[in-house]
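*Asks:* coords below, sequence missing:
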């Protein structure tokens, strides 16, 4: 059973079977990154364009490496050094890129819905690599992959997502993905950062930081996004870190086999203490490694035929 | 369209063919030194396991087994209707300097073997690669031949050869399905 859509724009578009297909395929792809020759010829002759309107190290590099391990030609466009800075519209940029016959365009944009505009305008496959505060589906899929690898199943698992839920596309995609797979999700953060109607997404609001940390199997810390509105929503970084940061003291009350995740980049000493980020329960770098496998799976499933 | 099925090999005949192949492999490879088996998913892996067991009885050597999925090396991904499910390649040893015996159930066009050769060489440089198949049904599209063949069976190009092995399918048998 292949994927139904030519694009990956949101988690909501995926059925549980499709999510499992992506995770199973990623599981098979992971082995390639451990070889001496980290390359297979599957996407030879295919062109992937990374179109990033926002800064990114992890996600852009991850897509680039994923494409190259599958032998696709990968082209990176960063908007600061392209026609976008001359005022070209998104649709025009898309159409011009399409004229060069790419098979897939990976887009990150500060506006929610930008990938949808591109997906409707272009015959090429589109992958949403983060659009505003809307969705970041590949991050959610790699997080689910990492959890499944460690815990084996989602049934009976509780995942806490802590931080600025309102402005987090990672949180939005993760809630959708994890609840679909059968996990219970609760969110926590300053009240100013908990969106209204978060329950409608399928997540509960944890009553306290203690509850969010102690009574859970996975703790997902979100980055305080200084480039978005986050900074106006609490008095100071120090106060944020005191009440909503994950430190060793708080972690003492967590389950013995708790997993700690963070989508990166980490603000050390703000949402997560360095000793926790570098500690034995933290999976932050495994998430990055798994990101390549998950993106290889998506490239294969979307344009591998 | 109605289809007729014909039994071409039963369990006993499959076992006999594998025993003969095992003997030939031992004879040709000086008692199994540096020998490794790499089976092509999925039934090639099952056959590799059986051959390894047989060779342990014959020559008292343990031949390691790897599993190879050739999906990512196929030359027909753009032509087949349904995208094949990717399975995990698991070759838990270095192929460098080994004598690889590639194992599959049916040799047909030779395209799967071509893909497998590329896949193995991407894992490292073996000393040699030989090919063992349970059945050779002809109709080659590439210059490829097997070193060890269980049984040659003449087929028409539109016939379907179905290999069942007890580990995967509960029964040992080879059927030809012909359109009539």
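*Replies:* Good, I have the coordinates. Keep in mind that this is a model prediction, so the values were computed, not measured. Numbering: from 1, shown residues only, chains lettered A, B, ... in the order given.

*Asks:* ramachandran angles for residue A:106?
*Replies:* Main-chain dihedrals, residue A:106, degrees, to the nearest 10: phi -100, psi 120.

*Asks:* same thing with residue B:7?
*Replies:* Note on residue B:7: its backbone torsions stand at phi -80, psi 130 [degrees, to the nearest 10].

*Asks:* near chain B, anything from the lengthiest helix in chain A?
*Replies:* Using DSSP state H to define each element, chain A has its longest helix at helix A:284-303. Yes: with CB under 8 Å from any CB of the partner chain as the measure, helix A:284-303 is seen reaching chain B through A:297, A:300, A:301. In this view, the C-beta of every residue, glycine as well, is placed from N, C-alpha and C.

*Asks:* reformat the residues you listed as TSV; add neighbour count.
*Replies:* Below are the residues of helix A:284-303 next to chain B laid out as TSV (neighbours: other CB atoms under 10 Å in any protein chain shown):
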residue	neighbour count
A:297	28
A:300	26
A:301	20
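
*Asks:* got the buried residues for the longest helix of chain A?
*Replies:* Applying a neighbour-count criterion of 16 or more other CB atoms under 10 Å in any protein chain shown, one finds A:284, A:286-288, A:290-303 buried in helix A:284-303.

*Asks:* for the residues of helix A:284-303 next to chain B, which one is nearest residue A:89?
*Replies:* Nearest to residue A:89 among those, counting by CB to CB, is residue A:301 at 30.1 Å.

*Asks:* out of everything not next to it in sequence, what's closest to that closest one?
*Replies:* In space, and not counting its chain neighbours, residue A:301 is closest to residue A:3: 5.2 Å by CB to CB, 6 or more residues apart in numbering or on different chains.

*Asks:* secondary structure class for the closest residue to residue B:56 other than its chain neighbours?
*Replies:* Nearest non-adjacent residue to residue B:56, counting by CB to CB, 6+ apart: residue B:62, 6.1 Å away. Put simply, residue B:62 is coil when judged by DSSP: H, G, I helix; E, B strand; the rest coil.

*Asks:* what separation do you get for residue B:62 and residue B:55?
*Replies:* 9 Å (CB to CB, to the nearest Å).

*Asks:* neighbour count for these two, which is higher?
*Replies:* The residue with more neighbours, out of residue B:62 and residue B:55, is residue B:55; 24 against 12, by other CB atoms under 10 Å in any protein chain shown.

*Asks:* the more buried one sits in which helix or strand?
*Replies:* helix B:43-59 (DSSP states H and E).

*Asks:* now residue B:4
*Replies:* Taking DSSP H and E as the definition, residue B:4 sits inside strand B:3-9.

*Asks:* chain center to that strand: distance?
*Replies:* When distances are taken as CA atoms, centre = their mean, to the nearest Å, strand B:3-9 is centred 21 Å away from the chain's centroid.

*Asks:* name the next helix or strand downstream of it, please.
*Replies:* Trace forward from strand B:3-9 with DSSP H and E and the next one is helix B:11-28.

*Asks:* and the next helix or strand after that next one, what does it pack against?
*Replies:* Following helix B:11-28 in sequence order, the next helix or strand is strand B:35-40 (DSSP H and E). Strand B:35-40 sits against helix B:43-59, strand B:65-68, strand B:99-107, helix B:111-123, with contacts defined as 3 or more CB pairs under 8 Å, 6 or more residues apart in numbering or on different chains; DSSP states H and E.

*Asks:* okay, buried residues for the longest one please.
*Replies:* Residues B:43-52, B:54-55, B:58-59 are the ones in helix B:43-59 that count as buried (16+ other CB under 10 Å).

*Asks:* chain A: helices as residue ranges?
*Replies:* Ranges of helices in chain A, per DSSP H, are A:16-29, A:58-69, A:90-98, A:114-121, A:137-151, A:169-180, A:209-214, A:237-244, A:248-251, A:274-277, A:284-303.

*Asks:* and chain B, is the second one touching that?
*Replies:* No: contact between helix A:58-69 and chain B is absent, the nearest approach being 10.0 Å (criterion: CB under 8 Å from any CB).

*Asks:* any buried residues in that helix, and which?
*Replies:* For helix A:58-69, the neighbour count (16+ other CB under 10 Å) marks A:59, A:60, A:62, A:63, A:64, A:65, A:66, A:67, A:68, A:69 as buried.

*Asks:* what do you get for the fifth one?
*Replies:* With burial defined by 16+ other CB under 10 Å, the residues of helix A:137-151 counted as buried are A:137-149, A:151.

*Asks:* quick one: which of these is nearest to chain B?
*Replies:* residue A:149 (13.0 Å; CB to the nearest CB).

*Asks:* that closest one reaches residue A:293, doesn't it?
*Replies:* No: Residue A:149 is beyond contact range of residue A:293, at 9.9 Å (criterion: CB atoms under 8 Å).

*Asks:* what touches both of the two?
*Replies:* residue A:27 (CB atoms under 8 Å, 6 or more residues apart in numbering or on different chains).

*Asks:* extract the residue ranges of chain B that are flagged as low pLDDT.
*Replies:* B:1-3, B:31, B:179-180 (pLDDT under 70).

*Asks:* can you list the residues of it near chain A?
*Replies:* Residues of chain B lying near chain A (CB under 8 Å from any CB): B:69, B:71-73, B:77-78, B:80, B:82-83, B:85-90, B:118-119, B:122-124.

*Asks:* ok, now which ones touch the residue in the stretch 151-300 of chain A that chain B sits nearest to?
*Replies:* Relative to chain B, the nearest point of the stretch 151-300 of chain A is residue A:300 (6.9 Å; CB to the nearest CB). Residue A:300 is in contact with A:25, A:29, A:42, A:43, A:70, B:72, B:86, counting by CB under 8 Å, 6+ apart.

*Asks:* these two touch, right, the third one and residue B:83?
*Replies:* No: taking contact to mean CB under 8 Å, the distance of 11.1 Å between residue A:42 and residue B:83 leaves them out of contact.

*Asks:* the residue of the stretch 51-200 of chain A found nearest chain B: how many residues sit nearby?
*Replies:* Residue of the stretch 51-200 of chain A nearest chain B, by CB to the nearest CB: residue A:70 (7.6 Å). Counted with other CB under 10 Å, the neighbours of residue A:70 add up to 26.

*Asks:* cool, the one 4 residues further on as well?
*Replies:* As a burial measure, residue A:74 scores 22 neighbours (other CB under 10 Å).

*Asks:* which residue is nearest the centroid of the chain?
*Replies:* Picked chain A for this. Nearest to the geometric centre of chain A sits residue A:139, at 1.7 Å (CA atoms, centre = their mean).

*Asks:* switch to chain B, that's the one I care about
*Replies:* Closest to where the C-alpha atoms of chain B average out (CA atoms, centre = their mean) is residue B:104, at 0.8 Å.

*Asks:* mind listing what that residue touches?
*Replies:* Contacts of residue B:104 by CB under 8 Å, 6+ apart are B:39, B:40, B:43, B:44, B:47, B:112, B:113, B:116, B:131, B:132, B:133, B:134.
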